[in-house]
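Asks: Here is my input; please provide its structure:
(chains A, B, C and D)
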Number of protein chains: 2
Amino acid sequence: MKDVAARAGVSLATVSRAMSASTDVSDNLKRRIEQAAQELDYTVNFNARSLRSKSSGIIVVLVWDITNAFFPVLLQGIEEQARVMGKAILIGDTANDNEMAATYGRMVEGQRADGMILLNGNVPRSDAKSPRSLARRYPIVAISERIPGAAIPTVGIDNVAACFDMVGYLAQIGHKRIVHFMGPAENILSQQRVEGFRKGLTHFGCETWADCVQPSGFTIRSGRAAMARALEDAMRPTAVFASNDESAIGAIIEAKSRGLKVPDDVSVVGFDDIEFAQIYDPSLTTIYQPRRDMGRKAMEILGQLLAEPRKPQADVLLDYKLVVRASSAPPPKR
Amino acid sequence: MKDVAARAGVSLATVSRAMSASTDVSDNLKRRIEQAAQELDYTVNFNARSLRSKSSGIIVVLVWDITNAFFPVLLQGIEEQARVMGKAILIGDTANDNEMAATYGRMVEGQRADGMILLNGNVPRSDAKSPRSLARRYPIVAISERIPGAAIPTVGIDNVAACFDMVGYLAQIGHKRIVHFMGPAENILSQQRVEGFRKGLTHFGCETWADCVQPSGFTIRSGRAAMARALEDAMRPTAVFASNDESAIGAIIEAKSRGLKVPDDVSVVGFDDIEFAQIYDPSLTTIYQPRRDMGRKAMEILGQLLAEPRKPQADVLLDYKLVVRASSAPPPKR
DNA sequence: TTGTATGCGTTATCAC
DNA sequence: GTGATAACGCATACAA
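Replies: Predicted coordinates for the structure are as follows:
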């Protein structure tokens, strides 16, 4: 920077102002400085800048598993909004590892990043003991899953209502015996979805029995396994409500492998509406989540948090949509 | 840090050493310091550390489109190796935008990151004029696509040979009239795959005609469109070789929508072996790329580049595999 | 093994 | 609108 200043014939301070663009420098000078910088192939040192200004302009987005098809569009939404706000996002994949999450968390504590968006549900372990303190420690927003016990603003949909609606739809087209494949047991989302499912069952007069909720997961594999159990159960369901689309696809694969037709022999519906849901054969009946908007909104809230750290931010519930496609139909006649 | 030093009754320098763990501090002291740090809820300031040490321990991974199913496993591979090397990776999605890529590139020039891995094919625009200089400017490794004109070490597979092999397989099971759906025209990969395809055609005695290479892309949509054209062509192919799996899936969707059966009426094969290739119905015959290994290897090379910036690194070609699944079969008998 | 002192490249404060 | 100068928080050369 000193060199640029010398070459442009101005002081160090002026160069700094010209580079940060925030304070005013006469247009004339600014041009001269920018040219000098270019000639010298100069780039500001972000570490020095951040050290001094106590702000990096970087937001870390924590993803628990980058292979999960639910995330990409969400990330794009975050990115778009971040760009509008002049921030850069950096995605950290924790690979289901709390240790890693903690590492990324430290990036915020260590001022390498200004804030964090959690697509994770898991609080970085170093803070696991006192999630409450997390939100006080640095600006942070969660998407989709509310972090239990933490005062972290969250954007998502009403999972309970969505599942209730889905059961209503299935009941309406004639299903009485519906099984739910529950996601990971420790996951809040799983629990909310089960809750909505059960409420729907009783409200719409469907059967309930011990195994009407099958433990499963958010993967194709776990969906397959649950489907195998469900089909061998004495109470063989006419419809399966998987807790996400991957799980639903697993269920369909298992059904097909047993020579069953979906939806003729058994209906299968999912949750999330990932890209593949409409591509798959049969296309999936599912719950659409406005992922791009969720990402955008989360970033927006984080921006407000950055601007006014003390002001508490409310949670945001966005609208979901029940999307009927080819994987569901009235139950087969006996 | 000063406070920690005071509380532990040592000097600032000793705390610094204890925190960076590289230099030696007696175990006794170290414990005392760590405790003091914990009590004070102290975290090192990464900006200051990086400013001083001229190294951030961060690697930026540039992805041109985070929604692309080819990347996740690759990213995991990079991440695994990075962890071994004590680095953290941060993923930047350029959203097909050169401006964004340049922004991320500046993170390296501005010393916020130590190096970069390109899953991109596009050179950040600020360097677009002189890609050669890029590699000299900072440590950088490319995966899959060699950057034309830049001396950037690249890890990938032999795309020409892989496509040649695929044509060989199709010819061997009886196909004579094969169409290739070419990826984005400006993409080096697309060009290499076309080259292998054409070589295969002549070598294995298949037909060649004007439209045996259909312009397409790496998306489902473009695959569909190309399939529509191919099926309406006078030279109706018995097999389609799409330049990636998404495109192949698009082709299958289009075929199905016209009442054609895959592979009974027409065979469709892809490239990459993304997760969905084996889940799809029919499961996809395709070229497996060792994505996890590619990621790991790239990170390894970047590590060597970081250690010895002047030493040129050789390209790495990994083994691919032709995976035969359900989407290909001998051509229908006339 | 530990302490002292200096500087990394910026930005912010205060003058002018 | 511009210049001088003091931090920012750490790592390291050198001394002890």
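Asks: Just the pLDDT at the closest residue to chain B within the stretch 151-300 of chain A, thanks.
Replies: For the stretch 151-300 of chain A, the residue closest to chain B is A:Asp281, as judged by Cβ to the nearest Cβ, at 5.3 Å. Glycine gets a C-beta too; all of them are placed from N, C-alpha and C. We have a pLDDT of 92 for A:Asp281.
Asks: can I assume it is in contact with B:Ala255?
Replies: No: under the criterion of Cβ atoms under 8 Å, A:Asp281 is not in contact with B:Ala255, lying 11.5 Å apart.
Asks: So for the two, which sits in the more crowded spot?
Replies: Between A:Asp281 and B:Ala255, counted using other Cβ atoms under 10 Å in any protein chain shown, B:Ala255 has the larger neighbour count: 23 against 17.
Asks: Show me what the helix or strand that contains that one is packed up against.
Replies: Secondary structure assignment for B:Ala255, by DSSP states H and E: helix B:245-257. Where contact means 3 or more Cβ pairs under 8 Å, 6 or more residues apart in numbering or on different chains; DSSP states H and E, helix B:245-257 is packed against strand B:178-182, helix B:220-232, strand B:239-242, strand B:267-269, helix B:276-279.
Asks: Let me have those in a markdown table, extended by mean neighbour count and distance to B:Pro331.
Replies: Formatted as a markdown table, these follow (neighbours: other Cβ atoms under 10 Å in any protein chain shown; distance: least, Cβ to Cβ, whole Å):
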| stretch | mean neighbour count | distance to B:Pro331 |
| --- | --- | --- |
| strand B:178-182 | 28 | 10 |
| helix B:220-232 | 21 | 14 |
| strand B:239-242 | 32 | 7 |
| strand B:267-269 | 28 | 7 |
| helix B:276-279 | 20 | 22 |
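Asks: With respect to DNA strand C, which of these lies nearest?
Replies: Within the helices and strands packed on helix B:245-257, the stretch nearest DNA strand C is helix B:220-232; the backing value is 43.4 Å (Cβ to the nearest atom of the strand).
Asks: related to what we said a few turns ago, could you list which residues are in contact with the nearest residue to the residue of the stretch 151-300 of chain A closest to chain B once chain neighbours are set aside?
Replies: In this structure, A:Asp281 finds its nearest non-sequential neighbour in B:Asp281, 5.3 Å apart by Cβ to Cβ, 6 or more residues apart in numbering or on different chains. Residues near B:Asp281 by Cβ atoms under 8 Å, 6 or more residues apart in numbering or on different chains: A:Lys256, A:Tyr280, A:Asp281.
Asks: need the contact list for A:Ser328.
Replies: A:Ser328 sits next to A:Tyr169, A:Leu170, A:Ile173, A:Ala239, A:Pro263, A:Ser267, A:Val268, A:Val269, A:Thr285 when contact means Cβ under 8 Å, 6+ apart.
Asks: That one and B:Ala162: what is the separation?
Replies: For A:Ser328, the distance to B:Ala162 (Cβ to Cβ, to the nearest Å) stands at 40 Å.
Asks: check which helix or strand covers the residue in the stretch 51-200 of chain A that DNA strand D sits nearest to.
Replies: Scanning the stretch 51-200 of chain A for proximity to DNA strand D using Cβ to the nearest atom of the strand identifies A:Arg52 as nearest, at 3.7 Å. Per DSSP H and E: A:Arg52 is located in helix A:46-53.
Asks: pLDDT on that helix, on average?
Replies: Per-residue scores along helix A:46-53 average to 96.
Asks: Check what contacts that helix and list those residues.
Replies: With Cβ under 8 Å, 6+ apart as the test, helix A:46-53 has contacts from A:20, A:56-57, A:111-112, B:45, B:47-48, B:50-51, B:56, B:107, B:110-112.
Asks: so what's A:Ile249 closest to, chain neighbours aside?
Replies: Distance criterion Cβ to Cβ, 6+ apart; nearest residue to A:Ile249, sequence neighbours excluded, is A:Ile220 at 5.5 Å.
Asks: correction: A:Ser56
Replies: In space, A:Ser56 is closest to A:Ser50, 4.3 Å off (Cβ to Cβ, 6+ apart).
Asks: From the structure, what's the count of residues near the residue of the stretch 51-200 of chain A closest to DNA strand D?
Replies: Going by other Cβ under 10 Å, the residues that sit close to A:Arg52 add up to 12.
Asks: what residues are up against whatever residue of the stretch 201-334 of chain A ends up closest to DNA strand D?
Replies: Distances between the stretch 201-334 of chain A and DNA strand D by Cβ to the nearest atom of the strand are smallest at A:Pro309, namely 16.4 Å. Contacts were defined as Cβ under 8 Å, 6+ apart; by that measure A:Pro309 touches A:Pro139.
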